[in-house]
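Participant: pasting a predicted model and its sequence here:
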Amino acid sequence: MKIVRKLAVFLRRQGDGVRFCVLFALYTVVVFVCLYTAQDALAVPLDSHFAWITAQVLRLVGNQSSASGPVVSLSHFAVEIKNNCNAIYEVGLYTAAVCAYPASWRDRLLGMWLGAGVLYVVNVLRLMTLLTVGLLYPSWFEVIHLYVWQTLFLVVATTCWIAWVSRTRPVA
Amino acid sequence: MAPVYARGLALIGRMLIPVLEATPDTQYVVEGGRLLANRTVWLPKQKRMAHFKKPLWEPATNYGVPLLAALVLATPGWSWRRRGRALALGLGWLTLTQIALLLVTIVDTQQTVIRNTDGTLLQVAGFSPPTQRIFFVLYEFFDLMGRGFFALLIYLGLIAFGWNASTVPVPRSQAVEHNAPSPRGSGRKSRGRNHKSRTTRKKSTSAEPGNG
């Protein structure tokens, strides 16, 4: 009985936090299911797009770069952009966090578009640096790819969300 | 830390071997920081047992712990006490996700088809196609979320638990300034946020012990 009372007090005090956590977890699962189902339709064109845009930006800054489907090459080093490198799951997680926060739909849409835009630009930067690292320091490629950039990317997503929340008026 | 963490997971896994494993003589061993399943399969054609190892948990693909710790410790505006509590709570939740990942991986790795030396294909546990599909999707989910996503989910949750009526920041434009008209429209001037009204002061005095 005491535990139930304590739980009730906790839920009353932390109602907003509990609501956010439950919704965030729920939306994350929904986003995963949606993206997983639409993987072939969404990921393949997105991979090719990221390969193309990376090659274009690298050419703009004076490098010999080319793209063919999801493969992008810089000089004699090439990488294939696969499903986890196109940032859709990161954007999905960020979108779930934005939707779970009690804000107006106008603010949510704005947050989603701005965050997705930032993550898009950061992903192009990620691909450019990975190509450069792969070309100049091949032994560091896996470390930078799997740990450094993956962690940085999630930190960027967190920063985007915190920045959005701090500028958004909560709606009851 | 990885071997210690892997040993803890192995301990939980060992307790569930009779429930989860199709081959009861399976052993869970920790090599380096990795947790592996040593399974034995009966090869009917060769009439002998075959041993094989399957990785169940790898620290290299589950780095949520350092990410969560770094995020919590770097959060501005939190006292060290709150950071410590958040870290303990966060790591507890993260461990639960790792246990869930382990359980799903134990089942999923038993569905993996093994190619025998004579080319025949073997499967440790014969699940129905829908069960196989469900566990495959679950494994994909936990595998993806293990790459820092769970840490992020828990971290944002920890931030959210700091929200309540007293800590929700009020935008400066909405705050009532000293001597500004009352927001309730009574026409009187507001006394500002830090002013204590006479009645409140009176009540707090009378609530003190020994004042009757």
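Facilitator: Looks like it arrived, so ask away.
Participant: flag every residue of chain A that's near chain B.
Facilitator: With CB under 8 Å from any CB of the partner chain as the criterion, chain A meets chain B at residues A:13-14, A:16-17, A:20-21, A:24-25, A:28-29, A:32, A:36, A:84, A:89, A:93, A:97, A:146-147, A:150-151, A:154-155, A:157-158, A:161-162, A:166, A:169-170. Where you see a C-beta, it was placed from the backbone N, CA and C, and this is true even at glycine.
Participant: now do 6 Å
Facilitator: Residues of chain A lying close to chain B by CB under 6 Å from any CB of the partner chain are A:13-14, A:16-17, A:20-21, A:32, A:93, A:97, A:150-151, A:154.
Participant: these two touch, right, residue A:24 and residue A:98?
Facilitator: No. If you go by CB atoms under 6 Å, residue A:24 and residue A:98 don't touch, sitting 9.7 Å apart.
Participant: the two: which is more packed in?
Facilitator: residue A:98 (26 against 23; other CB atoms under 10 Å in any protein chain shown).
Participant: hmm, the more buried one is touching residue A:109, no?
Facilitator: No. In this structure, residue A:98 is not within contact of residue A:109 by CB under 6 Å, at 8.9 Å.
Participant: model confidence for residue B:150, exactly?
Facilitator: Listed pLDDT for residue B:150 reads 88.
Participant: look at the spatially closest residue to it that is not a sequence neighbour and say how many residues are nearby.
Facilitator: For residue B:150, ignoring the flanking residues on the chain, the nearest one in space by CB to CB, 6 or more residues apart in numbering or on different chains is residue B:97 at 4.5 Å. Residue B:97 sits with 19 neighbouring residues when counted by other CB under 10 Å.
Participant: same thing with the one 5 residues further on?
Facilitator: Residue B:102 is flanked by 22 other residues according to other CB under 10 Å.
Participant: can you give me the distance of it to residue A:104?
Facilitator: Using CB to CB, to the nearest Å, one obtains 41 Å as the distance from residue B:102 to residue A:104.
Participant: what's across from residue A:72 in the sheet?
Facilitator: Applying DSSP bridges to residue A:72 gives these bridge partners: residue A:67, residue A:79.
Participant: need the contact list for it.
Facilitator: Contacts were defined as CB atoms under 6 Å, 6 or more residues apart in numbering or on different chains; by that measure residue A:72 touches A:51, A:54-55.
Participant: repeat that for 7 Å
Facilitator: Going by CB atoms under 7 Å, 6 or more residues apart in numbering or on different chains, residue A:72 touches A:51, A:54-55, A:65, A:78-79, A:81, A:127, A:131.
Participant: residue B:68: which of the residues you listed is nearest?
Facilitator: Nearest to residue B:68 among the contacts of residue A:72: residue A:127, at 26.2 Å, using CB to CB.
Participant: excluding its backbone neighbours, what's nearest that closest one?
Facilitator: Nearest non-adjacent residue to residue A:127, counting by CB to CB, 6+ apart: residue A:54, 4.4 Å away.
Participant: isn't the one you found right up against residue A:125?
Facilitator: No. The criterion here is CB atoms under 7 Å, and residue A:54 misses it with residue A:125 at 9.4 Å.
Participant: which one of the two has more residues nearby?
Facilitator: residue A:54 (25 against 15).
Participant: packing partners of whatever helix or strand the more buried one lives in?
Facilitator: Using DSSP states H and E, residue A:54 falls within helix A:39-60. Counting by 3 or more CB pairs under 7 Å, 6 or more residues apart in numbering or on different chains; DSSP states H and E, the packing neighbours recorded for helix A:39-60 are strand A:65-68, strand A:71-74, helix A:88-100, helix A:105-136.
Participant: using TSV, please lay out those together with mean pLDDT.
Facilitator: Shown next, in TSV, are those (pLDDT from 0 to 100):
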stretch	mean pLDDT
strand A:65-68	85
strand A:71-74	88
helix A:88-100	90
helix A:105-136	92
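Participant: nearest to residue B:53, out of these?
Facilitator: Of the helices and strands packed on helix A:39-60, nearest to residue B:53 by CB to CB is helix A:88-100, at 29.5 Å.
Participant: can you pull out the helices in chain B?
Facilitator: Applying DSSP state H to chain B gives helices spanning B:2-15, B:17-20, B:64-74, B:80-109, B:129-144, B:150-160, B:198-206.
Participant: who in chain B is up against chain A?
Facilitator: B:63, B:67, B:71, B:137, B:140-141, B:144, B:147-149, B:152-153, B:155-157, B:160-161, B:163-164, B:168, B:171 (CB under 7 Å from any CB of the partner chain).
Participant: hmm, back to that, got the helices and strands packed on helix A:39-60 as a markdown table, with distance to residue A:9 columns?
Facilitator: As requested, these are exported to a markdown table (distance: least, CB to CB, whole Å):
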| stretch | distance to residue A:9 |
| --- | --- |
| strand A:65-68 | 58 |
| strand A:71-74 | 56 |
| helix A:88-100 | 23 |
| helix A:105-136 | 31 |
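Participant: so residue B:17 is in contact with residue B:26, correct?
Facilitator: Yes. Between residue B:17 and residue B:26 there is a contact under CB under 7 Å: 6.0 Å.
Participant: the two: which is more packed in?
Facilitator: Using other CB under 10 Å, the more surrounded residue of residue B:17 and residue B:26 is residue B:26, with 19 against 16.
Participant: not counting residues beside it along the chain, what's closest to that one?
Facilitator: Among residues not flanking residue B:26 along the chain, residue B:39 sits closest, at 5.0 Å (CB to CB, 6+ apart).
Participant: residue A:50 too?
Facilitator: residue A:81 (5.2 Å).
Participant: if I look at the one you found, what pLDDT would I see?
Facilitator: Looking at residue A:81, its pLDDT reads 86.
Participant: re the thing from before, gap between the residue nearest to residue A:127 and residue B:76?
Facilitator: From residue A:54 to residue B:76 the distance is 34 Å (CB to CB).
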